[in-house]
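[1] What follows is a protein structure lacking sequence information:
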């Protein structure tokens, strides 16, 4: 066994640092940003501020949860932003029947997109990045066909979903938290979760072990699309307007960033839900910090890039072991 | 006559990894023109020693003197440039590049404009490879070659870089006998050219065929060194294992007990006329409960494909498989597993284990749905299954939560066996179950196969190790070019008969002159 | 060691497209948006389409058929090709296309239309198609300013006059094209500043919600606003400039951050209506009252003007999308042989608390 264990170590200290960064770096980053902001940002330490940050990050977290599952299978889903747009337009389209029927319609549409993604990946064997690219373009197209332009929504139930709260905690945050716990539980405690990780780690081995590879993959893409749809509905509810043109733009990148920064490797086989949530929060705080201090928007992008590079570097250190 | 020059001298080399003393005060001396066998069980420190010599790791203590000067290589590339070439067990070339490009990687011939001279490169590559018995279109991507041919390309590449020392880590594990012969003649050529060769292998025949000297490692220490010819086989094995000579002799060279209860009951598995385009042409095999059926044949004869077709991993064009009389839906591994057919795949690393998951998860992988309720895993039941098999198969891991990718080959194989035994199968298809695992683990696996057959399982055994195949099987079905060419039963199950059947009953004259190429 | 079997991939695509189309059809068949019952008819974009005065840009040269090298013709009975750049998915584009169509109908001109869906290569082939289909005159809303050479050559060969609207082509006026008709974005910024100064009393801190980065509309609207503020109200300080990407959600998010870190902010200048409406949503969400923070926006969409009526928005500078009358008038004058200006500025309206209620019908 010596030979196997050996591989873990090259230069010991650096490897340890990288390992630590990979596991806890994202939390350290969040903590550091919090401290910095408390010191330099006026009015940062207020309930409203934290509420704002949480409400803004909630949709990103929800999308990132689904993305983490897909990435866990060594895939990627580029269509999440388009699904958010689709959810927005379908919500507007069916809101006349009431909120619940509209949500049902949204779920159907999202499931259809997820099913198409999953079928392309699992049955036809198309690379995930290509398969979901098709629906990234096509999904927003359908959204715009259904609802060519922004439409204001006045449904009171939808409005309260977007801005209501329980004991001061907005629904958005509660929903994101419940979904995060649910997904984390699924990954850790269910047959499905274990099978997902095995498939992501070694698909041929999973196949030969008799796992329902196709079924698991399809379900993962459907779940990812459903989560994106939830995020789309929540964002729409918050805006009180359905904006299929710009809702969810670049959301796929935010979600992938959150997942990767949170320590889930793109190579599959591992899913870190707590890290993913922290990753989304990290990016949110970073953006908020730069906006609050009125730094040029390009800085935000550069700062995000730096965080991603750091995360990938830490991940690489681990991968080489 | 002056003794040949000392090329390499290693003194007091030590290396420690967290919790493991991988190498402890090891010496090694190599002379020009020496073929040196480096042996030991997995975990004895062979790979660590090689990696220290080639700059993959840095030693904690000790010194390496290469051609009279103390060296410390920072990278494998440095070592290679200095003249130490290594051929690893897994071919580490670039699958998508052409054969010729791989051969000349990093030292491509260029014309006077500094542009890659492809025509020259291709013609030179063809010529070089012909010397290794490989005749292929060198413009094709490397991955289209069989593993054996790829290994030859790796070897040719290593030798061509003006090496003073060539280290071969299990070079024959994927080679056919004819290829092994070619390899040996190449090694003898190297020897005559004054190059030192370090030869790592688990195959004793090979060691005695080409090596002059030997170093035996055990638990990170050197336990023997000297002339190989002066060390008998059994002595060698007992030194390696650190066991009593008597014990080893009593157990024979394999752990197989010989024949099993030849039952007359109905076959538990019947494969009828399996046909896969270009691979199998109507292969039929039947296995009775308690029987170990060997599948013999050369590399590329269709052994692996037969096992995969039976297990549903390879879709068949025609033919059928019945398990205990019930027809199996083809093309579905899951269906085969449900019916009680389990495959231990040849390519353990990429098709068997799930390297990033723990020992526990790997063992429970297939049986998980049975240990779950409403999709929720019962951790207690998983623990009990895992405990049972870790104990029963003596799986050595620091804990059930250790990643399988970190285990030795033998333990990985045991984990896979545990995965299937947990499913309580009727038939086990074992494709090279002992390849690349150390002698101790090999013996344990062999013994286990015996026990399983005794318990009434049907076993299909594929092995390139003739000894293993002969001693382990009650019956051997011989394949050639995707078709059954013979079957050995009873007293006919001997190495000699097997070779004759493989060679087409004319074994006495010459081995079949097959090309090493293509889809081997 | 990839063992996936690759079945024909092409199969997947047409299937997908068909699926998408089917989905779109069935979805709209039984849809029921909340407006369906209540709303009468969304008044067409052209409702407020009154004739706008031509304002030749000061110092602008003029162009005639003779100078251009074309032939006179009667606009009535001619075929006009219109190439739209972006999908009609926002009020501006919808109103723009509608205005061209309405004017063509009014004048009895045969109109061919094409939409490039934001793909420049499509726009080039669109225009070539229009030429091939026999367009005698072209109106182009260009997606990009550069890369028009092939089209211009093809048009020149057929001696087809071109008028570009809302964005300019980098080419020689009166040689490669006849005239360019657009709003003056810098002027829009200046007028927005005037509104802001009036609303805030010229004192305090204000924020700018910038448009998409690297867009000339963003740069010019910012430039005009800052110039005018510096010149007329030095006590009004721009303390915050962040992009809202011209999108409502982004405007909402940025405004949420803004009002928390700078609670004393007095005004927000949004460089389009959508971001301004996002700002309104943010203020509502934060429990602010209408008028607490003054918002001035640019574009003149119905929603924004309604915002003035409701008291959330102080002023809206119009960016007039109704190029139809002006474009056809220019073509008419030109083809009759008279001179037309090379650069024409369309006159933009403005909405404030004084006229929002009465003129909301004009908003698009």
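    Now that the structure is in, tell me what you want to look at. Small disclaimer: the values here were computed from a predicted structure and weren't measured.
[2] Could you report the neighbour count for the residue of chain B found nearest chain C?
    Residue of chain B nearest chain C, by Cβ to the nearest Cβ: residue B:350 (4.4 Å). C-beta: built from backbone N, CA, C; applies to glycine. When neighbours are counted by other Cβ atoms under 10 Å in any protein chain shown, residue B:350 registers 16.
[3] Surely it is within a helix?
    Yes: the assignment for residue B:350 is a helix, going by DSSP: H, G, I helix; E, B strand; the rest coil.
[4] Residue C:205 belongs to a strand?
    Yes: secondary structure of residue C:205 (three-state DSSP): part of a strand.
[5] was I right about it contacting residue C:268?
    No: in this structure, residue C:205 is not within contact of residue C:268 by Cβ atoms under 8 Å, at 10.4 Å.
[6] Dig out what residue B:165 forms beta bridges with.
    Residue B:165 has the following beta-bridge partners by DSSP bridges: residue B:84, residue B:196.
[7] OK, contacts around it?
    B:7, B:8, B:30, B:53, B:66, B:83, B:84, B:85, B:195, B:196, B:197, B:198 (Cβ atoms under 8 Å, 6 or more residues apart in numbering or on different chains).
[8] For it, give its distance to residue B:32.
    Residue B:165 sits 9 Å away from residue B:32, taking Cβ to Cβ, to the nearest Å as the criterion.
[9] which residue ranges form the strands in the stretch 101-250 of chain A?
    Listed in chain order, the strands of the stretch 101-250 of chain A (DSSP state E, counting those that start in this stretch) span A:151-152, A:165-166, A:169-170, A:241-242.
[10] so which of those gets nearest residue A:235?
    strand A:241-242 (9.8 Å; Cβ to Cβ).
[11] Tell me which residues are up against that closest one.
    Counting by Cβ under 8 Å, 6+ apart, A:88-89, A:91-92, A:147, A:150-153, A:236, C:248, C:277, C:281 sit against strand A:241-242.
[12] and what of stretch A:143-161?
    For stretch A:143-161, the external contacting residues (Cβ under 8 Å, 6+ apart) are A:82, A:85-86, A:88-93, A:95, A:98-99, A:171, A:233-234, A:236-237, A:240-245, C:24, C:27-28, C:31, C:33-35, C:87-91, C:94, C:248, C:274, C:303.
[13] Let's see that with 6 Å instead.
    With Cβ atoms under 6 Å, 6 or more residues apart in numbering or on different chains as the test, stretch A:143-161 has contacts from A:85-86, A:89, A:92-93, A:95, A:99, A:171, A:237, A:240-244, C:24, C:27, C:34, C:89-90.
[14] hey, what's in contact with both of residue B:165 and residue B:32?
    Residues touching both residue B:165 and residue B:32 (Cβ under 6 Å, 6+ apart) are residue B:196.
[15] Quick check, residue C:152 in contact with residue C:176.
    Yes: counting by Cβ atoms under 6 Å, residue C:152 sits close enough to residue C:176 to count as a contact (4.6 Å).
[16] And chain C, is stretch A:265-282 touching that?
    No: shown here: stretch A:265-282 not in contact with chain C (Cβ under 6 Å from any Cβ of the partner chain), separated by at least 13.6 Å.
[17] Tell me how confident the model is about that stretch, as a mean pLDDT.
    Stretch A:265-282 shows a mean pLDDT of 92.
[18] just to revisit the earlier point, look at residue C:205 and residue C:268 and report which has more neighbours.
    Per other Cβ under 10 Å, whichever of residue C:205 and residue C:268 has more neighbours is residue C:268, with 29 against 16.
[19] so the more buried one sits in a strand?
    Yes: counting by three-state DSSP, residue C:268 is part of a strand.
[20] In contact with it, which residues?
    For residue C:268, counting by Cβ under 6 Å, 6+ apart, the contacting residues are C:207, C:279, C:295.
[21] pLDDT wise, what is it at?
    For residue C:268, pLDDT reads 95.
[22] what do you get for residue B:248?
    45.
[23] now the one 5 residues further on
    The predicted structure scores residue B:253 at 55 on the pLDDT scale.
[24] ok, now residue A:219?
    With respect to pLDDT, residue A:219 has a value of 97.
[25] Just give the number of residues close to it.
    19.
[26] Also residue C:112?
    18.
[27] likewise residue C:102?
    For residue C:102, the neighbour count with other Cβ under 10 Å is 17.
[28] is it fair to say it lies in a helix?
    Yes: assessed with three-state DSSP, residue C:102 lies in a helix.
[29] Residue numbers of the stretch 1-150 of chain A in contact with chain C?
    Going by Cβ under 6 Å from any Cβ, the residues of the stretch 1-150 of chain A near chain C are A:43, A:49, A:52, A:56, A:92-93, A:95-97, A:120, A:124-126, A:138, A:142, A:144-146, A:148-149.
[30] for the stretch 251-364 of chain C, what spans make up the helices?
    Under the criterion DSSP state H, counting those that start in this stretch, helices of the stretch 251-364 of chain C are mapped to C:273-285, C:302-310, C:324-335, C:356-359.
[31] what about the third one, average pLDDT?
    For helix C:324-335, mean pLDDT rounds to 87.
[32] What lies in contact with it?
    Residues contacting helix C:324-335 (Cβ under 6 Å, 6+ apart): C:51-52, C:72-73, C:75, C:99-100, C:102-103, C:107, C:137, C:139, C:163, C:165, C:178-179, C:181, C:340, C:346.
[33] now the second one
    With contacts defined as Cβ under 6 Å, 6+ apart, helix C:302-310 is touched by C:273, C:277, C:297, C:313, C:316, C:351, C:356, C:357, C:360, C:363.
[34] how far away is the last one from residue A:305?
    Meaning residue C:363. 41 Å.
[35] thinking again about what came up before, Throw the strands of the stretch 101-250 of chain A into JSON lines and include distance to residue B:283, mean neighbour count and mean pLDDT, thanks.
    Formatted as JSON lines, the strands of the stretch 101-250 of chain A follow (distance: least, Cβ to Cβ, whole Å; neighbours: other Cβ atoms under 10 Å in any protein chain shown; pLDDT from 0 to 100):
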{"stretch": "strand A:151-152", "distance to residue B:283": "65", "mean neighbour count": "18", "mean pLDDT": "86"}
{"stretch": "strand A:165-166", "distance to residue B:283": "66", "mean neighbour count": "12", "mean pLDDT": "89"}
{"stretch": "strand A:169-170", "distance to residue B:283": "66", "mean neighbour count": "17", "mean pLDDT": "92"}
{"stretch": "strand A:241-242", "distance to residue B:283": "61", "mean neighbour count": "27", "mean pLDDT": "92"}
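[36] For the stretch 301-450 of chain B, give me the ranges with low pLDDT.
    Along the stretch 301-450 of chain B, no part satisfies pLDDT under 70.
[37] Flag every residue of it that's near chain A.
    Neighbours of chain A within the stretch 301-450 of chain B, by Cβ under 6 Å from any Cβ: B:313, B:333-334, B:337, B:345, B:350-352, B:354, B:356-357, B:365-366, B:368-369, B:372, B:375-377, B:406-408.
[38] Try it again at 7 Å.
    The stretch 301-450 of chain B comes close to chain A at residues B:313, B:333-334, B:337, B:343, B:345, B:350-357, B:361, B:365-366, B:368-369, B:372, B:375-377, B:396, B:406-408, B:419, as judged by Cβ under 7 Å from any Cβ of the partner chain.
[39] in chain A, what residue is nearest chain B?
    For chain A, Cβ to the nearest Cβ, closest residue to chain B: residue A:210, 3.6 Å.
[40] if I pick the spatially closest residue to residue A:264 that is not a sequence neighbour, what's in contact with it?
    Closest residue to residue A:264 apart from its sequence neighbours, by Cβ to Cβ, 6 or more residues apart in numbering or on different chains: residue A:272 at 4.8 Å. Residue A:272 makes contacts with A:262, A:263, A:264, as judged by Cβ atoms under 7 Å, 6 or more residues apart in numbering or on different chains.
[41] so which of those residues is the most crowded?
    Going by other Cβ under 10 Å, residue A:264 tops the contacts of residue A:272 with 28 neighbours.
[42] Can you classify that residue by secondary structure?
    Residue A:264 is classified as coil under three-state DSSP.
[43] okay but it is in contact with residue A:276, surely?
    Yes: the criterion here is Cβ atoms under 7 Å, and residue A:264 meets it with residue A:276 at 6.3 Å.
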